[in-house]
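1. next input, structure requested:
(one chain, ligands or ions: 1)
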Amino acid sequence: MDRIRIRGGNRLSGTLPISGAKNAALPLMAAALLTDKTLTLSNLPYLADITSMSNLLLPLGVSVSVNGNGSARAGRVIELTAARIADTTAPYDLVRKMRASILVLGPLVARCGEAQVSLPGGCAIGTRPVDLHLKGLEHLGAEIELDSGYVRAKAPKGLRGGQVVFPFVSVGATENLLMAACLAKGESQLVNAAREPEIVDLARCLVAMGAKIDGIGTDKLTVQGVDRLGAASHRIVPDRIETGTYAVAAAITGGDIELVDTEIGLIEALGEILDAGGISVTATGRGVRVSCPNGRVRGVDVMTEPFPGFPTDLQAQIMALMATADGAAMITETIFENRFMHVPELMRMGANINVHGASAMVRGAKQLKGAPVMATDLRASVSLVLAGLAAEGETIVNRVYHLDRGYERLEEKLAACGADVERLKSG
Ligand code: EPZ
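-> Next comes the predicted model:
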């Protein structure tokens with residue numbers, strides 16, 4: 001297995017391009033199942049999860065063609081055509097690799113009146129049930145059965161509009177229901193819907209395909225079902241979590257980086273925290289500049305919340321930063337019940353962190369020290385890379401396949417800004 005070696009201490013500076021958002025691309029690819037015409041998505045990131053989604057869609061009858069090499073600034077273009085659905089089953093072997101596979105459920109049942117999707121299991125960050133997806137589909141008239149580890153959904157006469165009130169905010173359930181409602185008969189309302197930028201992006205693409213959606217960007221989405229959706233071309237929104245991760249890379253090294261092909265509005269909650277910590281975050285014509293006029297960051301408390309609050313997907317990264325801060329920070333995770341796996345690894349690098357339930361008290365250490373580390377999920381892994389950039393000596397991050405799921409050319413992008421980082425190929 002590949003590893004990443006970081007020799008810490010370099011101050012990062014320069015320009016760093018941000019890719020299209022993984023968590024927008026995955027539902028957008030699933031949306032191709034809603035139409036027999038071609039959906040063209042540009043600014044596609046080059047990531048293992050994108051390959052997993054393609055591998056899931058191919059046997060369902062979707063033809064997939066990818067152009068471009070994903071070189072810096074260009075992104076890639078993918079064309080997806082589901083002229084005829086060949087199969088309505090998403091099997092365990094593919095679903096277990098990526099939980100976002102559940103996003104084919106809504107589109108398949110909406111278009112074909114049936115779908116069988118393996119239930120995703122728990123994962124490193126929590127139990128992550130899909131009950132909201134299933135209850136929501138029932139409100140749109142689907143009959144749902146759980147059988148031998150599979151969700152079997154049926155709507156022989158098609159889905160019908162209905163009101164779905166989410167008891168709490170779920171990104172995936174909002175996406176699944178939004179896609180399904182586009183082809184349901186009549187009006188649907190999604191209340192207490194997620195309003196992450198990835199949902200807005202999906203809704204805009206669906207509208208380009210012919211869907212009728214009101215309330216985009218709010219927590220109440222109203223959808224008038226249509227008989228069919230058509231072809232569309234859509235540019236995937238920049239990755240706000242990648243943007244935030246590299247903003248933290250600038251902050252943790254006392255650096256000065258311009259993140260390009262992204263937007264400051266995507267990282268407002270992070271911007272507020274960095275600003276309170278003395279880090280400057282400003283919009284430039286082509287992205288965001290992050291610099292450290294005051295040297296070391298000051299400790300600031302952080303609580304994760306659904307958008308527009310501070311994203312759980314940046315919690316591990318901000319913890320790495322606060323581990324190097326002047327003063328203390330209380331970091332509270334409210335979205336997932338088990339998302340502190342990076343804590344013991346950061347502590348092996350000299351971080352001073354005490355976890356009490358859903359909160360972690362982080363007291364800034366004068367100097368982190370390099371160490372061999374590993375993590376069990378994508379964002380935890382990248383927090384260790386960030387800590388390694390600030391640490392004295394050498395850090396080896398194992399299990400790089402986690403990083404490859406969500407960060408395109410991570411080591412190349414960081415090295416171009418002056419980091420001493422390289423991938424050590426296995427065997
Ligand atoms: C999306 O996951 C993202 N994944 C996650 O990013 C992100 O952490 C998460 O949203 C929260 O922002 C993709 O977009 C592919 P949820 P999702 O449904 O949709 C509970 C990353 O690192 N819940 O908003 O699965 C759930 O257990 C990943 O890129 C139920 O109880 O998240 C969690 O506690 C990791 N029942 C909370 O809701 C349900 O039916 C929010 O989950 C659905 C969710």
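2. show me what contacts the closest residue to the ligand within the stretch 51-200 of the chain?
-> Closest residue of the stretch 51-200 of the chain to the ligand, Cβ to the nearest ligand atom: Gly172 (2.7 Å). For the C-beta atoms, the positions are set from N, CA and C on the backbone; glycine is no exception. Going by Cβ atoms under 8 Å, 6 or more residues apart in numbering, Gly172 touches Arg99, Ala100, Ile102, Leu103, Val130, His133.
3. got a winner among those for most neighbours?
-> Comparing these by number of neighbours (other Cβ atoms under 10 Å), Leu103 comes first, having 28 neighbours.
4. so the closest residue to that one other than its chain neighbours: helix, strand or coil?
-> Excluding the flanking residues, the one nearest Leu103 by Cβ to Cβ, 6 or more residues apart in numbering is Ala30, at 4.1 Å. Following DSSP: H, G, I helix; E, B strand; the rest coil, the label given to Ala30 is helix.
5. Ala30: how many residues sit nearby?
-> Ala30: 28 surrounding residues under other Cβ under 10 Å.
6. and the pLDDT for it?
-> With respect to pLDDT, Ala30 scores 98.
7. hmm, who's touching stretch 28-35?
-> Counting by Cβ under 8 Å, 6+ apart, 39, 41, 50, 53-54, 57, 60, 62, 78, 80-82, 85, 100, 103-104, 106-108, 110-111, 175, 179, 182-183, 201-202, 205-206, 209, 228-231, 234, 236 sit against stretch 28-35.
8. intersect those residues with the contacts of the ligand.
-> Ala100 (Cβ under 6 Å from any ligand atom).
9. from the contacts of stretch 28-35, which ones fall inside helices?
-> Among the contacts of stretch 28-35, the residues falling in helices (DSSP state H) are 50, 53-54, 57, 106-108, 110-111, 175, 179, 182, 201-202, 205-206.
10. for ChimeraX, what selects the buried ones among those residues?
-> The following ChimeraX line selects those of the ones in helices among the contacts of stretch 28-35 that are buried, judged by 16 or more other Cβ atoms under 10 Å:
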select :50,53,54,57,106,107,108,110,111,175,179,182,201,202,205,206
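11. all helices in the stretch 101-250 of the chain, in order from the N-terminus.
-> 105-112, 131-139, 171-182, 197-208, 240-252 (DSSP state H, counting those that start in this stretch).
12. pull out the buried residues from stretch 288-295.
-> Val288, Arg289, Val290, Ser291, Cys292.
13. near the ligand, which residues of the stretch 301-427 of the chain show up?
-> Thr312, Asp313, Ile335, Phe336, Leu378, Arg379, Gly406.
14. 5 Å instead, please
-> Thr312, Asp313, Leu378, Arg379 (Cβ under 5 Å from any ligand atom).
15. show me the contacts for the nearest residue to the second one once chain neighbours are set aside.
-> In this case it means Asp313. Leaving aside its chain neighbours, Asp313 sits nearest to Ile241 (4.5 Å; criterion: Cβ to Cβ, 6+ apart). Ile241 is in contact with Ala21, Lys22, Asn23, Pro311, Asp313, Leu314, Arg379, Gly406, counting by Cβ under 8 Å, 6+ apart.
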